[in-house]
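In: Coordinates only, no sequence provided:
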């Protein structure tokens, strides 16, 4: 029979209900010098029946109390073991599945009569460990304990233990970690993750102090640090995707290298797609949505070398709870000639171009939706728009594109440097053109058109003439209308396609009514009319479909009627210029006209065109999370918590590594 560890023998006494510390004044000092056996604690707690667990309440309360007390110790070995024991206790007790009795669980863990003071002491000690001069491993364990506390229930709003973290704030400690470059590199990811979960605690039911504090945070160093953590994760994702999808170079040696390399890659590894992190996206959303100062962080420029920097720690696992998001690398002056300006927004747009390629399953659709929501918030912000349209701030944004038969390159690497609004419009055009499929992602289409609408409203309001190839947007919009017309019978039972068509027509009406104030030149305005006239059959068919549905009294009668009304100016343009073009063609004895000849006819006949002034073309409903998106975010946070719980490791092997670090320091 193998000998039991001394710590296991003590645990056995604990779990029988006896107090091994009775009549032993030095018991706790000796106890925390013994290496905690996390697996044993969790296994024992898991095997206990609820009534037996209740019988052990006094012993568990006693152990919790002494663990909390030991966190003040200067001797790190005791602190490590106390943290490990606390993690095992909390996780083991909450795994009992008594989610309906969370107050009872707090009573079993801490004791109701002392819960407030004990939790205050615990959070205070954890704060001191996080912001003090503790070793990296000790801070990592402290963050693990906090992450375990905030993720003990699948639904964060049912986690009543968080009430104590609302009363005893860790926000200031998180801010300090993010503001310090060294601590941010080691613990930035965990700090960001912790803040993201805390912000979502009962956010729709009561005043959450973390929401309030994040919304008014103006510490530039901390906000920049948060931006770096998020940006580093996006960069890692982009880099992994690029590595996995870069085309193989030709040549015998390249083929041989690929063949040899593939011998060591399993089929599962090779087929496994790069997975997006919900937590990073949600952190980005909360920062953009809650804190207006964070918008300035998105636009902070730095220079990035075109050579690939080393992989940051966040890329090592799908959700690296133990890994920190690496800071932006220092610039190598020797590479200055091959460097280009970039910022978080550039990185995020590239990230979105990957995410939005594939939205076929529910998880990917959720990632795409969150990307669209973040871009909507950015497109509504006045300062962000001023930066997006600044002609003096230009960037080369290499967006990824879904592979298609008619194009070879997944990334256009020959783009000139342009204002970021051009890249954002390119991203929306690419989405519109590449997702006309049987299961139409209607919600994403509505959001993409909403983003374009917000960009145009800003340009109209501020009279910004963006140097952009508007024809590609008009072509994409017309292509979408053609798709709706061709698939009316398949789409109409499932979607209100008239609502989507109305969005498209509103964009055209905005160009028609106000285009002279924001299109880059008079010739651009002429080209708009040319495209409308050239594609008149699409608009005629759209009007016929809308008229038919509005008179037949179908489910979407009102939307169809509105569409017929919104098409009035487009139809007026077609009906006005078509006879003029036909007349000019006949007068000059031509069978067909060139585009220049049509444009000449358009320019000479503007004066006699009568258009109807349409109201509210430059108005839109501002984004609001509540109540429309509450179900989406509730489910998203639940998914993130599940991931965190799955990836937090408390193995004895890990603890051994921690102890080795301390022994090497001593």
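Out: Right, received. Where do you want to start? Quick caveat, the model's predicted, so the values are computed rather than measured.

In: where in the chain is pLDDT low?
Out: Counting by pLDDT under 70, the chain contains low-confidence residues at 1-2, 97-103, 247-275, 302-339, 405-409, 651-659, 661-666.

In: Spatially central residue in it, please.
Out: Against the mean C-alpha coordinate of the chain, by C-alpha atoms, centre = their mean, the closest residue is residue 281 at 1.6 Å.

In: Helices along the stretch 501-650 of the chain, start to end?
Out: When secondary structure is read from DSSP state H, counting those that start in this stretch, the stretch 501-650 of the chain shows helices at 522-534, 536-552, 557-566, 568-587, 595-603, 630-647.

In: er, the stretch 351-500 of the chain I mean
Out: 362-380, 382-388, 420-434, 442-462, 470-486, 488-491, 497-518.

In: the longest helix in the protein is where?
Out: helix 220-245 (DSSP state H).

In: thinking again about what came up before, would you format the helices of the stretch 351-500 of the chain as CSV with mean neighbour count and distance to residue 625 included?
Out: C-beta: built from backbone N, CA, C; applies to glycine. As requested, the helices of the stretch 351-500 of the chain are arranged in CSV below (neighbours: other C-beta atoms under 10 Å; distance: least, C-beta to C-beta, whole Å):
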stretch, mean neighbour count, distance to residue 625
helix 362-380, 20, 8
helix 382-388, 18, 18
helix 420-434, 22, 21
helix 442-462, 20, 14
helix 470-486, 18, 27
helix 488-491, 12, 29
helix 497-518, 20, 21
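
In: for these, which one sits closest to residue 642?
Out: helix 362-380 (12.1 Å; C-beta to C-beta).

In: ok, back up a step: as CSV, the helices of the stretch 351-500 of the chain with distance to residue 294 would be great.
Out: As requested, the helices of the stretch 351-500 of the chain are exported to CSV (distance: least, C-beta to C-beta, whole Å):
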stretch, distance to residue 294
helix 362-380, 10
helix 382-388, 10
helix 420-434, 16
helix 442-462, 18
helix 470-486, 29
helix 488-491, 39
helix 497-518, 28
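
In: Quick check: closest non-adjacent residue to residue 118.
Out: The shortest distance from residue 118 to any residue that is not its chain neighbour, by C-beta to C-beta, 6 or more residues apart in numbering, is 4.9 Å, and that residue is residue 110.

In: quick one on the thing from earlier: nearest to residue 84 among the helices of the stretch 501-650 of the chain would be which one?
Out: With distances scored as C-beta to C-beta, the stretch of the helices of the stretch 501-650 of the chain nearest to residue 84 is helix 630-647 (17.0 Å).

In: Now do the closest one against helix 362-380: the angle between them, please.
Out: 120 degrees (axes from the mean of the first three to the mean of the last three C-alpha atoms, to 10 degrees).

In: packing partners for helix 630-647?
Out: Using 3 or more C-beta pairs under 8 Å, 6 or more residues apart in numbering; DSSP states H and E, the elements in contact with helix 630-647 are helix 181-199, helix 278-290, helix 362-380.

In: Tabulate the ones you listed in CSV, adding columns for distance to residue 104.
Out: CSV is the format used below for these (distance: least, C-beta to C-beta, whole Å):
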stretch, distance to residue 104
helix 181-199, 23
helix 278-290, 30
helix 362-380, 34
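
In: for the ones you listed, which one sits closest to residue 433?
Out: Comparison of those against residue 433 by C-beta to C-beta identifies helix 362-380 as nearest, at 15.3 Å.

In: Show residues contacting the closest one.
Out: With C-beta atoms under 8 Å, 6 or more residues apart in numbering as the test, helix 362-380 has contacts from 276, 278, 281-282, 284-285, 288-289, 295, 298, 345, 348, 351-352, 355-356, 358-359, 384-385, 388, 424, 427, 441, 443-444, 447-448, 450-451, 454-455, 458, 622-623, 629, 632, 635-636.

In: Go again with 7 Å.
Out: Residues lying outside helix 362-380 but in contact with it, judged by C-beta atoms under 7 Å, 6 or more residues apart in numbering, are 276, 281, 284-285, 288-289, 352, 355-356, 358-359, 384, 424, 441, 443-444, 447-448, 450-451, 454-455, 622-623, 632, 636.

In: returning to that earlier point: tell me the contacts of the residue nearest to the centre of the chain?
Out: Contacts were defined as C-beta under 7 Å, 6+ apart; by that measure residue 281 touches 367, 370, 371.

In: Could you do residue 470 as well?
Out: Counting by C-beta under 7 Å, 6+ apart, residue 470 makes contact with 519, 524.

In: circling back to that earlier point, with distance to residue 566 as added columns, please give the contacts of residue 281 in CSV.
Out: Converted to CSV, the contacts of residue 281 look like this (distance: C-beta to C-beta, whole Å):
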residue, distance to residue 566
367, 32
370, 30
371, 28
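
In: Out of the residues you listed, which is nearest to residue 519?
Out: Comparing the contacts of residue 281 against residue 519 with C-beta to C-beta picks out residue 371 as the nearest, at 28.0 Å.

In: Tell me how far stretch 163-179 lies from the chain's centre.
Out: The gap between the average C-alpha position of stretch 163-179 and the chain average comes to 22 Å, counting by C-alpha atoms, centre = their mean, to the nearest Å.

In: For it, list every residue counted as buried.
Out: Taking 16 or more other C-beta atoms under 10 Å as the basis for neighbour counts, the residues of stretch 163-179 that come out buried are 164, 165, 168, 170, 171, 173, 174, 175, 176, 177, 178, 179.

In: Any idea how far apart the tips of that stretch sit?
Out: By C-alpha to C-alpha, to the nearest Å, the extent of stretch 163-179 from end to end equals 26 Å.

In: same thing with stretch 620-629?
Out: Across stretch 620-629, the terminal residues are separated by 17 Å (C-alpha to C-alpha).

In: Check stretch 492-501 too.
Out: 12 Å.

In: how far does it sit from the chain's center?
Out: 28 Å.

In: one step back: return the member of the buried residues of stretch 163-179 nearest to residue 487.
Out: Nearest to residue 487 among the buried residues of stretch 163-179 is residue 178, at 48.4 Å by C-beta to C-beta.

In: what's the distance between that closest one and residue 190?
Out: 11 Å (C-beta to C-beta, to the nearest Å).

In: How about residue 487?
Out: From residue 487 over to residue 190 the distance is 47 Å, taken as C-beta to C-beta.

In: Equivalent analysis for residue 502, please.
Out: 46 Å.

In: what's the answer for residue 500, then?
Out: Remark: distance between residue 500 and residue 190 (C-beta to C-beta) = 42 Å.

In: Out of the buried residues of stretch 163-179, the closest to residue 128 would be?
Out: Each of the buried residues of stretch 163-179 was checked against residue 128 using C-beta to C-beta; the closest is residue 173, at 8.8 Å.

In: you'd agree the closest one is up against residue 132?
Out: No - applying C-beta atoms under 7 Å, one finds residue 173 not in contact with residue 132, separated by 9.9 Å.

In: Check what contacts stretch 416-428 and list those residues.
Out: In this structure, residues lying in contact with stretch 416-428 by C-beta under 7 Å, 6+ apart are 345, 349, 352-353, 375, 388-391, 393-397, 399, 448, 451-452, 455, 466, 468, 473.

In: With stretch 625-632 instead?
Out: Counting by C-beta under 7 Å, 6+ apart, the neighbours of stretch 625-632 from elsewhere in the structure are 204, 289, 369, 633.

In: Dump the residues you listed into a markdown table; add distance to residue 586 as well.
Out: Written out in a markdown table, the entries for the contacts of stretch 625-632 read as follows (distance: C-beta to C-beta, whole Å):
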| residue | distance to residue 586 |
| --- | --- |
| 204 | 66 |
| 289 | 59 |
| 369 | 53 |
| 633 | 62 |
